[in-house]
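K.L.:
What shape does this take:
(one chain, ligands or ions: 2)
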Amino acid sequence: MLLDVNNLTVDFTTHSGTVAAVQGVSFAVDTGEAVGIVGESGSGKSQSVLALMGLLPDNARVSGSARLAAGNEQGPIELIGAPARRLRSVRGARVAMIFQDPMTALNPHLRIGTQMTELLRRHLKTSRREATERAVAMLEAVRIPQAGQRLKAYPHQLSGGMRQRVMIAMALSCEPALLIADEPTTALDVTVQDEILETIAELRQQTRTALLLITHDLGVVAGQCARTVVMQHGGVVEQGTTEQIFTRPAAAYTRDLLAAIPRL
Ligand SMILES: Nc1ncnc2c1ncn2[C@@H]1O[C@H](COP(=O)(O)OP(=O)(O)OP(=O)(O)O)[C@@H](O)[C@H]1O
Ligand SMILES: [Mg+2]
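P.N.:
Ligands and ions are numbered 1, 2, ... in the order given. Reported below is the predicted structural model:
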């Protein structure tokens with residue numbers, strides 16, 4: 001097992017009381033496997049994965065367990081409650097995350113090339129030259145034309161789709177074991193969405209990177225994910241193979257979600 005999440009709980013303390021955002025969520029991701037998380041807005045999808053990565057704001061309280069295989073002889077790493085330094089070294093190297101808005105991951109003040117090579121040099125300890133070569137290769141892999149020249153660009157000089165590609169290139173450049181993608185293409189138009197999802201699928205096949213994909217688009221889950229987790233009100237309604245969930249949903253909530261897809 002690559003990632004084993006057990007009884008994950010997230011509470012937020014607010015002026016008007018406690019918000020129970022995630023309430024005892026358990027799921028697992030195997031090496032190389034793609035798992036989809038679906039469910040209505042506010043069901044706790046994003047806060048669940050942010051909790052895993054230690055990226056929640058200060059008013060959040062997290063409990064439960066999330067064990068990540070270390071990828072060496074050492075036993076799994078417990079992510080929940082891990083020191084910030086430990087989590088920083090896990091993020092980027094072992095687990096990478098991409099978001100709906102690439103500007104949350106990109107620094108607007110730094111050239112694309114600087115950001116990519118700094119990441120590579122920090123996590124893979126490569127030389128400057130090796131890092132630049134790898135950055136170019138990754139931009140080519142996500143089908144960015146004139147990759148060498150793009151390294152000199154600032155994020156705002158690229159289109160939304162291009163920025164999303166750069167974020168994917170950065171996320172996968174250190175060959176993480178797990179890619180967490182939270183609505184990675186929702187902000188883009190449909191043709192660009194399809195291209196980008198295809199690119200992720202291709203790169204994953206080459207590298208055996210596991211994927212934890214949060215999306216509202218059940219069609220995307222059907223196409224990309226072997227297993228599906230359905231969430232509502234901060235909990236898991238049901239989970240199983242994607243085939244099971246789509247053809248024999250156990251919960252009324254899942255049946256409603258499926259009924260709402262025009263394509264099926
Ligand atoms: N900083 C915060 N303080 C208080 N409550 C919060 C905070 N962040 C999120 N929440 C609440 O946590 C719950 C779960 O939110 P979450 O972002 O995980 O939903 P989601 O399933 O990702 O929804 P969407 O599909 O719209 O992205 C929501 O009720 C939300 O209002
Ligand atoms: Mg969300």
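
K.L.:
contact partners of the lowest-mean-pLDDT helix or strand in the chain?
P.N.:
Within the chain, confidence by mean pLDDT, DSSP states H and E is lowest for helix 190-207 among all helices and strands, at a mean of 87. Contact with helix 190-207 is made by 32, 34, 141-143, 160-161, 164-165, 168, 172, 175, 179, 181, 184-185, 188, 209, 211, 220, 223-224, as judged by C-beta atoms under 8 Å, 6 or more residues apart in numbering. No exception for glycine: its C-beta is placed from N, CA and C like everyone else's.

K.L.:
I'd like to know which elements the following helix or strand past it is packed against.
P.N.:
Toward the C-terminus, helix 190-207 is succeeded by strand 210-214 as the next helix or strand (DSSP states H and E). In terms of contacts (3 or more C-beta pairs under 8 Å, 6 or more residues apart in numbering; DSSP states H and E), strand 210-214 is packed against strand 34-39, helix 45-52, strand 178-182, helix 218-224.

K.L.:
Figure out which of these is closest to ligand 1.
P.N.:
helix 45-52 (3.2 Å; C-beta to the nearest ligand atom).

K.L.:
near ligand 1, anything from the closest one?
P.N.:
Yes - for helix 45-52, a contact with ligand 1 is found by C-beta under 6 Å from any ligand atom, at 45-47.

K.L.:
Now do that helix: which elements does it pack against?
P.N.:
Secondary-structure packing of helix 45-52 (3+ C-beta pairs under 8 Å, 6+ apart): strand 3-14, strand 17-29, strand 34-39, strand 60-68, strand 178-182, strand 210-214.

K.L.:
what about the fifth one, average pLDDT?
P.N.:
Computed over strand 178-182, the mean pLDDT rounds to 96.

K.L.:
center of this protein, which residue is that?
P.N.:
residue 180 (1.6 Å; C-alpha atoms, centre = their mean).

K.L.:
close enough to count as contact, it and residue 55?
P.N.:
No - if you go by C-beta atoms under 8 Å, residue 180 and residue 55 don't touch, sitting 10.3 Å apart.

K.L.:
overlap in contacts of the two?
P.N.:
residue 97.

K.L.:
circling back to that earlier point, kindly reformat the helices and strands packed on helix 45-52 as JSON lines containing distance to ligand 1.
P.N.:
JSON lines is the format used below for those (distance: least, C-beta to the nearest ligand atom, whole Å):
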{"stretch": "strand 3-14", "distance to ligand 1": "3"}
{"stretch": "strand 17-29", "distance to ligand 1": "3"}
{"stretch": "strand 34-39", "distance to ligand 1": "6"}
{"stretch": "strand 60-68", "distance to ligand 1": "7"}
{"stretch": "strand 178-182", "distance to ligand 1": "7"}
{"stretch": "strand 210-214", "distance to ligand 1": "7"}
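
K.L.:
Adding distance to residue 155, write those strands out as a markdown table.
P.N.:
A markdown table is the format used below for these (distance: least, C-beta to C-beta, whole Å):
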| stretch | distance to residue 155 |
| --- | --- |
| strand 3-14 | 30 |
| strand 17-29 | 30 |
| strand 34-39 | 27 |
| strand 60-68 | 28 |
| strand 178-182 | 19 |
| strand 210-214 | 23 |
